[in-house]
Structures are given as structure tokens and as C-alpha cells.
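**Student:** return atomic coordinates for the entry below.
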Amino acid sequence: MADQSTTEMKATLGLTGLTMNAMALIAPGAFLWLTFIAQAGEGATAPAMWIGILLALLLCLATAVCYAELAKLYPGTGSSYYFAEQSFLNHDKHWRYARLSKFIVGWASHLYYWIYPGVMVAVTGIFCGYVVGTLWPNAMSASNPGTLFMMVVAVVFTLGVAYIAHRGVTGSTAVNIAINVIQISALIVFAVMAIGYRMNHPPGSVAFQFDSVSGEAYTYEFATTQTTANGQTTDTIVRDANMVPQPKLDAAGQPVAYKISYPTTDDKGNFLTHPSAGSVIGIHNVGWMFVQATVAILILVGFESVTAMGGEAINAKRNVPIAVITSLLVQGAFCYLFEYFAANYFLNSGYTMQSATGSAAPIGDMMIVVGDALFGQGHGRTFMLIEAITVFLALIGTTLSCINTGARVTYAMGKDQEVPEHFGMLHEKNLSPHRAIWALAIISAVIGCISLLVVFGDGAAATLTDSAIAALPHGLWSSVWFATSQARLAALPNTLVMIVLASNFGTFLLYMLSCIICMVAYQGHPNYSAVRHMLIPIFGVLANLICMMFYIIGPFMGYGTKMEPFGALGIAAVWAIYGGIYFTKASRSMGRTTLVASRAGRA
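**Tutor:** Purely as a prediction, here's the structure:
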């Protein structure tokens with residue numbers, strides 16, 4: 001038999017292995033490349049991107065302290081789900097609510113852990129579409145990859161990563177260690193190059209401007225001509241048969257050199273570039289900061305994943321808390337803040353924030369520009385492709401770590417029969433919760449495909465034109481399911497952003513509950529600290545709650561549209577209602593009470 005519910009996990013992970021597993025899920029190499037577009041697409045709030053990440057980081061640090069403190073008390077498999085049960089069971093007054101609290105926390109965590117991998121496989125589809133479009137622009141648009149192609153990539157990628165997770169945590173850790181070293185090194189190289197590009201190109205100097213159709217950068221101004229489509233007349237770049245933009249010529253018939261500038265906004269008030277380094281890190285608007293934080297939380301979550309591996313940790317009480325804090329500080333406080341500063345500081349008239357909004361991979365475009373500047377024109381694409389390999393490795397690592405974490409939370413609930421019992425079984429040979437892993441893989445593939453239905457809808461459609469849509473390569477892989485006009489795209493919700501916000505809402509909810517659990521666990525405990533077990537958790541609760549509230553109040557304050565946040569809230573509401581129905585029916589069928597009748601043998 002391959003399934004045995006009595007099989008136990010083995011303690012094989014030391015401090016390095018635990019930290020690397022958590023760092024792999026945070027993965028700055030993947031998220032700088034892939035989440036920049038979602039943050040850029042948040043309309044007028046884009047100038048506050050960096051400060052929004054800092055706010056999200058402070059929120060996560062407060063939550064990380066709570067997770068670390070809980071891991072000291074209750075090392076084991078299940079993360080917040082396990083902590084909720086133990087903190088209530090060991091409380092003199094609230095022990096009767098142990099089962100109810102752990103189910104609420106476990107069910108809420110699945111809103112995050114079951115959706116998050118789907119987001120990862122979706123952005124992998126976008127990433128692969130961008131790379132294919134860069135290599136073969138006549139077959140695929142790099143800026144707007146084909147929907148069907150991205151979906152197929154998402155499904156295949158999911159199955160491949162699930163197989164690695166199925167093989168067991170030891171092999172997964174080895175993969176994550178290698179990926180972390182490679183991705184951090186690669187993205188630091190890009191960040192240094194991006195800052196160097198800005199510093200070496202003062203306003204008025206000759207520089208590169210990026211062309212999204214050919215996927216190349218050029219040092220001359222583009223020649224344009226007026227074209228009319230659907231009654232609208234626009235300036236269109238003149239191109240040759242290979243879609244290369246032709247240069248604008250001066251009176252002597254020579255190409256006009258492109259001279260760089262750093263305009264703050266265009267004539268419509270759309271944000272373009274940061275005029276200074278101080279502007280990059282500035283608040284600009286408190287509301288903008290909170291909106292950016294609601295998206296940025298996606299790039300920082302994962303530090304808590306290591307608490308789900310307590311059953312596989314050597315000296316869990318010491319190593320797990322250290323791994324939680326260390327992973328967040330290295331990836332969040334160092335890598336993300338440095339890399340996002342570099343990417344925002346790089347923005348210029350040759351590649352603005354509006355250019356980033358209309359691209360499937362803004363960081364890839366930036367790599368082409370800085371690569372051309374450093375290595376010579378035409379070599380930027382090679383540099384981008386080398387960096388893209390490291391990003392793909394980072395995507396494997398973060399998806400693998402997330403599936404491992406989500407499956408172990410489901411496994412813990414299966415052992416307690418709070419979800420179907422077969423989820424609580426381990427593979428006899430690999431000692432992995434393989435049934436939970438493959439169930440999560442199927443769910444991730446479905447969610448990934450849903451996320452890719454309208455990737456360029458709503459705000460992301462602002463930079464598209466009808467003529468640009470009509471010029472997309474036509475074919476099964478490149479144009480099926482793509483809207484035929486800009487107006488249709490703008491009227492549809494951006495499904496990727498909506499699913500991201502649904503995952504983030506689950507994150508905020510889980511983190512808020514975990515901060516509350518920390519306060520309950522240490523109430524009356526001999527090691528109680530007012531700072532670590534009261535003030536920091538209260539800050540975590542309030543910060544998470546405010547970000548959750550912005551889903552409702554943000555659109556009414558003019559920050560984005562209602563479609564994506566309200567759609568995300570609808571998903572969360574359906575999940576909550578289904579959870580209540582499932583809990584009630586399952587309790588009745590098994591004859592279990594909602595409140596714990598006795599603490600004997602449970603605490």
C-alpha cells in the first residue's frame with residue numbers, strides 16, 4: 001500500500017533548509033518581474049509603489065513576530081491551523097472554542113493557500129508568453145500573449161511542480177536552495193544596472209527608447225504617420241516588413257537621436273516617471289500607499305510557510321522562529337526594497353510607467369534597455385533571456401514552496417477529519433501528503449486558467465488601441481479569446497488582478513487571525529511580553545484590517561474600479577458560506593459538537 005494514515009513525517013530540515021524553503025516562497029526573483037505590472041496597473045496610485053511595499057513589509061513583520069512566538073510554543077505541522085487549536089486548548093477560559101477556532105483559521109487559510117499557487121501558474125503562463133513573443137514576434141505578441149497558449153503553459157507547469165512536491169520535502173529543499181542563490185544574484189545585477197542607467201543618462205542625453213512591437217530598444221526617434229481606425233485618428237509608428245520602427249529623419253536625411261527626459265505626467269495626467277530618487281520612496285498620497293499595499297502583500301507572503309514544516313524540522317522550537325524572521329528580512333527588507341527602488345528609478349521617457357502598464361513583463365523590457373546600454377545594441381535581448389531563465393527557476397521554487405505549504409495545512413485538517421480524511425494520508429515511500437498535493441495541483445491549474453481569461457482587462461486596457469489589437473498575430477495560440485476592441489477589454493474585469501486580490505484578502509484575514517491567536521496563546525503565560533504579545537499583535541490586527549477595508553472603501557474614494565476588489569470579496573464570501581455549510585453538515589454526520597466537551601487527551 002502507498003497510503004498509510006499512521007505514517008509520520010521525519011525531522012530532516014535544519015535551520016538552512018527551513019529558511020530556504022520560506023525564502024523560496026517570497027521569491028523576489030519571480031515577483032519583481034511578474035507583480036510590477038499588477039502594481040503599475042493600479043492607475044493613479046503607481047507613484048506610491050515603493051512606499052506601499054514598505055507598508056506591507058511592516059505589516060508582515062508584525063505578523064512574522066506572532067508566527068515566530070507561536071512556533072516557540074507549538075512546533076508541529078499545520079501552521080496557523082495547529083496554533084489556533086493549541087492556543088485555545090491550553091487557555092484556562094477559552095478552551096471550549098478550540099475546534100471552532102482552528103476550523104475558521106484553517107478554512108480561511110485555504111482562501112490564501114489554494115488560490116496563491118493558481119496565481120503563480122498564471123503568471124508563469126504570462127512569463128512564457130512574453131519570452132515566446134520576444135523570440136518569435138510574428139507568432140506571438142510579447143506585450144499581449146495569446147490566452148490559450150498561456151493556459152496550456154499554466155496547466156503543464158502545475159503538473160510538473162506538483163510532481164516535484166510529490167517526491168518529498170528533501171528534494172524540494174535542495175531545489176529551493178539552488179534557486180534562491182541564483183535568483184537573488186541575478187536580480188541584484190539587474191538592479192545595479194538599472195540604477196547605473198539612470199545615473200549615466202541625465203536629461204537631454206542620447207539614450208534608448210523601447211518599442212513593444214519589435215521588442216527592441218533604439219537610440220533614434222520613431223517616424224510616425226496618421227492612421228484612422230473605428231473613426232479615431234492616431235499617430236502610428238512607421239515600420240518595415242520585419243516590424244522594425246523606422247527612424248525619423250532630420251533635414252539632412254539623418255536619423256534624429258532620441259534624447260531622454262523624466263516627465264512626471266503626460267497631458268492627460270497619467271503618471272510617467274519619477275523626477276528624483278526622493279520621489280521613488282515618497283508617500284505621495286496615503287490612500288495610494290494603502291492601495292499599493294493591498295497588491296504588494298502578494299510579493300511578501302510566504303515567511304509563515306516554514307511553520308507548516310514543524311513536523312519535519314530538527315529542533316523546531318529554535319529553528320522555525322529564526323527561519324520565519326530571517327526569510328522576511330532578507331527577501332523583503334533587502335531584496336524587494338532595493339530592486340523595486342531600482343526599477344522605479346529607471347523609468348524614463350523612453351520607457352514610462354504607462355509603457356509598463358501595457359506590457360506583459362515590464363522588467364523584461366527594462367532588462368533589454370539596460371542590456372543594450374551596457375553590452376551594445378542588440379545584446380539586451382540576450383541579457384534579458386539569461387535573466388529570464390533565473391526568473392523561471394524562481395517561479396518553480398515559489399510555486400513548489402506554496403504547494404508544499406498548502407498541502408501540509410490541508411493534511412493537518414485531514415488528520416483531524418475537518419476535511420475529507422484521505423487528505424490526512426502520507427505516501428509510504430516519499431512521506432509527502434501526496435493526495436493533498438495533487439488535489440491542490442488540479443485546483444491551481446483551474447484557478448490559473450481563470451486568472452488568464454482577461455489578463456489585459458480594465459485598467460490594463462488603457463494603453464491599448466483598436467489598431468494595436470487588430471495588429472496582433474492571428475492564430476489559435478495567439479489571438480483566441482482576445483477581445484476585438486479596446487472598449488470591450490476596458491469593460492471587463494482584469495481576472496488576474498481579481499484573483500490576486502482574492503488571494504491577498506485570504507492572506508490579510510489569515511494574518512489578522514494569527515495575530516489574535518498569538519495574544520490568546522500568551523495570555524497569562526510565564527513568558528508573556530507586553531511588546532511581543534500585545535502591542536505588536538494589535539498593530540498587526542489593525543494593519544491587516546485596514547487593508548481589508550480598502551477593498552470596499554478604495555473604489556469609492558476613486559482608487560481604481562469596483563470590479564476587481566468586489567469580485568475578490570465575492571469569492572471570499574462564497575468560500576465563507578460554503579465553509580459554514582460544510583462544517584455544519586460534517587459535524588452532524590460524525591456526531592461532533594462545535595464546542596470542545598473535554599480537554600482530556602487533546603491539549
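**Student:** contacts, neighbours, all on C-alpha from now
**Tutor:** Noted.
**Student:** tally up the residues packed near residue 408, please.
**Tutor:** With neighbours defined by other CA atoms under 10 Å, the count for residue 408 comes to 26.
**Student:** you'd agree it is up against residue 440?
**Tutor:** No - using CA atoms under 8 Å, residue 408 makes no contact with residue 440, being 10.6 Å away.
**Student:** need phi/psi at residue 74.
**Tutor:** Backbone geometry at residue 74, expressed as degrees, to the nearest 10, gives phi -130, psi 70.
**Student:** ok, the nearest residue to it once chain neighbours are set aside - how many residues close by?
**Tutor:** Spatial nearest neighbour of residue 74, chain neighbours left out: residue 83 (6.5 Å); criterion: CA to CA, 6 or more residues apart in numbering. Using other CA under 10 Å, residue 83 is surrounded by 28 other residues.
**Student:** how near is residue 83 to residue 506?
**Tutor:** Plainly put, residue 83 is 17 Å away from residue 506 if you go by CA to CA, to the nearest Å.
**Student:** so the residue nearest to residue 74 touches residue 72, yeah?
**Tutor:** No - checked against CA under 8 Å, the pair residue 83 and residue 72 is beyond contact range at 10.5 Å.
**Student:** related to what we said a few turns ago, show me what contacts the residue nearest to residue 74?
**Tutor:** Listed by CA atoms under 8 Å, 6 or more residues apart in numbering, the contact set of residue 83 reads 70, 71, 74, 102, 517.
**Student:** and the one helix or strand the last one maps to, what does it pack onto?
**Tutor:** Take DSSP states H and E as the rule and residue 517 turns out to sit in helix 495-522. Applying 3 or more CA pairs under 8 Å, 6 or more residues apart in numbering; DSSP states H and E, we find helix 495-522 packed against helix 49-73, helix 80-89, helix 98-113, helix 116-135, helix 286-300, helix 434-451, helix 536-556, helix 563-590.
**Student:** what is the mean pLDDT for the third one?
**Tutor:** Per-residue pLDDT values across helix 98-113 average out to 86.
**Student:** angle of that helix against helix 495-522?
**Tutor:** Relative orientation of helix 98-113 versus helix 495-522 (axes from the mean of the first three to the mean of the last three CA atoms, to 10 degrees): 150 degrees.
**Student:** just the longest one next, same as before
**Tutor:** Angle of helix 563-590 versus helix 495-522, following the same axes, to 10 degrees, is 50 degrees.
**Student:** hmm, back to that, how about the helices and strands packed on helix 495-522 in JSON lines, adding distance to residue 385?
**Tutor:** Output for those, formatted as JSON lines (distance: least, CA to CA, whole Å):
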{"stretch": "helix 49-73", "distance to residue 385": "26"}
{"stretch": "helix 80-89", "distance to residue 385": "39"}
{"stretch": "helix 98-113", "distance to residue 385": "30"}
{"stretch": "helix 116-135", "distance to residue 385": "8"}
{"stretch": "helix 286-300", "distance to residue 385": "22"}
{"stretch": "helix 434-451", "distance to residue 385": "24"}
{"stretch": "helix 536-556", "distance to residue 385": "36"}
{"stretch": "helix 563-590", "distance to residue 385": "32"}
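**Student:** which stretch among these comes nearest residue 315?
**Tutor:** helix 49-73 (10.3 Å; CA to CA).
**Student:** good, we can wrap up now.
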